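[1] Prediction below, plus the sequence it came from.
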Amino acid sequence: MGRDGGHTDNPGQAGASTVREDSPGRARLAVLALLGSMLVPLVAAGLRSVLWVLVGVAGLAVAAVGVWWTLAHTGALRALGVAVSLLAPVAVLVLYAMSGILWAACVSLALWALAVATARGALSPGHVAVEQVVAEAPWHPWVLMNPRSGGGKVDRFGLVGKARAAGCRVVLLEPGQDVSALARQAVAEGADLLAVAGGDGTQALVAEVAAAHDLPFVVIPAGTRNHFALDLGLDREDPAKALEALTGGVELRVDLGFAADRVFVNNASFGTYASVVTDPAYRDAKARTTLRTLPGFLTGKDAPRMWMRADRTHVEGLQALLVSNNPYGRAVDAARPGRRERLDSGLLGVVCVRVGSTAQAARLVRGPRSGGFVRLSAGEVVVEADTDTLPVGIDGEHVVVPAPVVCRIAPGALRVRVPRHRPHARRVGGGAADWPRVARLALGRSPADDAAHG
């Protein structure tokens, strides 16, 4: 299998990866859009635009305080928080409209978004997509299907009949059955490919067995969300299309994450969310249960203390922590909001939240500099607490594990077989908005020029 210059199992059948070069034209557009986002408010309001920017920032800070009061308190203070979080941004927009600069603010924001997106697109990624190898059809494929996943997608899309027609042995998961044991039994009986039609939690359990035996693995997105399938580029609206991987597929090497001894294909969550979902009432009343239990977990006297070490970084006083199998993109990323650019970086993504007071909530508008929100990548993450155990949400499955919890990643551990043509296949994306590099590119200076003058 070709990975980072590694070997291929089927020489001569590898598909060539496309590497995009830096784009000076996009860099110039990014710089122009950035300048425009600053000039539009200056033209519309002159030096007063600085004051209006401060008003906007203040409105965001007040809204953040309102959200904190809503989540961390009850009674009158929660009601006040709801009102503040809704009215603060509305008040800012009204002030902008009354001053005649609402249009300028909207245009400036749109130009800024264009500038960031174009700047990312202007830069070459610095990473070549994993080479894909044409896969041979399996002789004894085995598929585990959960008929209850996704509101009955297995029956609705006729997956059992279609899988059997493709030559698969189909096993329907019954309540209480051990998923890992079923997969291991299939391997012992000669299965040369393992597949799952179900949610991400079930996918992870079978993927672990497939990786342990170096067998190809097929994802059939028959669950509710199927984030792993999304980042593999699969069609979640028609799960049956994933069966094309059996006869006309390609193979990818992707990473697997581990939290203690549990595999995850997406993420492991710690802290408030993991604690809330352990409440028996959460399944039937998610919003009500969350609002009822969050104040105790955030500000109550029994609120757990949690901290983590990610390589050389140490962060204390955490309310929430998400450790992911490869880093997620930012929610405001126009290209891939909240998705993973890669599944083969060999790194865990880490997102931490620590907000213990109203002042800290207000400082969140400063972004990473606030200290309340931390994003980084690491090879290993150790999560500790002042309790002997920690509740963890692992790919949507909620477990309690002994503390501390060591999270690690196994690079290229899983052979995933996917259809050759996928509607949302990963594209080679651009780098972060590195503005000095973008500016040099816009001026016609290439990385080679910079190296020559360095």
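    Done, it's in. Residues are numbered from 1 along each chain as shown.
[2] Ala210 - how many residues pack around it?
    26 (other C-beta atoms under 10 Å). Just so you know, the C-beta spots here come from the backbone N, C-alpha and C atoms, and that holds for glycine as well.
[3] Could you say which helix or strand holds it?
    helix 200-212 (DSSP states H and E).
[4] ditto for Leu54
    Going by DSSP H and E, Leu54 is in helix 48-72.
[5] residues of the helix or strand that that helix is followed by that come out buried?
    Next in sequence after helix 48-72, counting helices and strands by DSSP H and E, comes helix 75-98. Buried residues in helix 75-98, counted by 16 or more other C-beta atoms under 10 Å: Arg78, Gly81, Val84, Ser85, Ala88, Val92, Tyr96.
[6] surely the last one meets Val53?
    No: Tyr96 is not in contact with Val53 according to C-beta atoms under 8 Å; the separation is 10.9 Å.
[7] Output the below-cut-off pLDDT ranges for the stretch 301-450 of the chain.
    301-304, 330-338, 367-371, 424-433, 446-450 (pLDDT under 70).
[8] show me where the stretch 101-250 of the chain has helices.
    Secondary structure of the stretch 101-250 of the chain (DSSP state H, counting those that start in this stretch): helices located at 102-122, 153-156, 159-165, 179-188, 200-212, 227-231, 245-248.
[9] so the residue nearest the centre of the chain bridges to which residues?
    When C-alpha atoms, centre = their mean is applied to the chain, the residue found nearest the centroid is Tyr328 (3.5 Å). Judged by DSSP bridges, the bridge partners of Tyr328 are Arg340.
[10] Could you double-check that it sits in contact with Arg342?
    No: applying C-beta under 8 Å as the test, Tyr328 and Arg342 come out as separate, 10.7 Å apart.
[11] Against Val400, how distant is Arg339?
    29 Å (C-beta to C-beta, to the nearest Å).
[12] And the residue nearest to the centre of the chain, how close does it get to His398?
    Computed with C-beta to C-beta, the distance linking Tyr328 and His398 is 20 Å.
[13] and if you look at Arg420?
    Arg420 sits 36 Å away from His398, going by C-beta to C-beta.
[14] and what of Leu443?
    Leu443 is 53 Å from His398, by C-beta to C-beta.
[15] Which one's more surrounded, the two?
    His398 (19 against 12).
[16] what helix or strand does that one sit in?
    Counting by DSSP H and E, His398 is found in strand 397-402.
[17] So the nearest residue to Leu441 once chain neighbours are set aside: helix, strand or coil?
    Using C-beta to C-beta, 6 or more residues apart in numbering and skipping the chain neighbours, the partner closest in space to Leu441 is Ala27 (3.9 Å). Three-state call for Ala27 (DSSP: H, G, I helix; E, B strand; the rest coil): helix.
[18] which regions of the stretch 51-200 of the chain sit below the pLDDT cut-off?
    For the stretch 51-200 of the chain (pLDDT under 70), the answer is 124-132, 134-135.
[19] longest strand of this protein?
    Across the chain, the strand with the greatest residue count (assigned by DSSP state E) is strand 405-419.
[20] Helix 200-212 and that one, what's the angle between them?
    Relative orientation of strand 405-419 versus helix 200-212 (axes from the mean of the first three to the mean of the last three C-alpha atoms, to 10 degrees): 80 degrees.
[21] ok, strand 405-419: who's next to it in the sheet?
    strand 216-221 (parallel), strand 249-259 (antiparallel), strand 380-385 (antiparallel).
[22] Can you add distance to Ala113 and mean neighbour count and give the ones you listed back as JSON lines?
    Shown next, in JSON lines, are these (distance: least, C-beta to C-beta, whole Å; neighbours: other C-beta atoms under 10 Å):
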{"stretch": "strand 216-221", "distance to Ala113": "30", "mean neighbour count": "27"}
{"stretch": "strand 249-259", "distance to Ala113": "31", "mean neighbour count": "24"}
{"stretch": "strand 380-385", "distance to Ala113": "32", "mean neighbour count": "20"}
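[23] would you turn those into JSON lines with distance to Ala33?
    As requested, the strands paired with strand 405-419 are exported to JSON lines (distance: least, C-beta to C-beta, whole Å):
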{"stretch": "strand 216-221", "distance to Ala33": "36"}
{"stretch": "strand 249-259", "distance to Ala33": "35"}
{"stretch": "strand 380-385", "distance to Ala33": "37"}
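[24] Can you tell me how far the residue nearest to Leu294 when sequence neighbours are not counted is from Val92?
    Leaving aside its chain neighbours, Leu294 sits nearest to Leu71 (5.2 Å; criterion: C-beta to C-beta, 6+ apart). Counting by C-beta to C-beta, the gap between Leu71 and Val92 amounts to 22 Å.
[25] Run through the residues that contact the nearest residue to Asn226 once chain neighbours are set aside.
    Nearest non-adjacent residue to Asn226, counting by C-beta to C-beta, 6+ apart: Arg236, 5.4 Å away. By C-beta atoms under 8 Å, 6 or more residues apart in numbering, Arg236 lies in contact with Pro221, Asn226, Ala229, Leu230.
[26] so the last one makes contact with Arg339?
    By that I understand Leu230. Yes: between Leu230 and Arg339 a contact is recorded at 6.7 Å, counting by C-beta under 8 Å.
[27] returning to what we had before: most tightly packed of the helices of the stretch 101-250 of the chain?
    helix 200-212 (a mean of 24; mean count of other C-beta atoms under 10 Å).
[28] and that one with helix 179-188, angle?
    40 degrees.
[29] Helix 200-212 versus strand 397-402: what angle between them?
    Using the same axes, to 10 degrees: helix 200-212 against strand 397-402 is 60 degrees.
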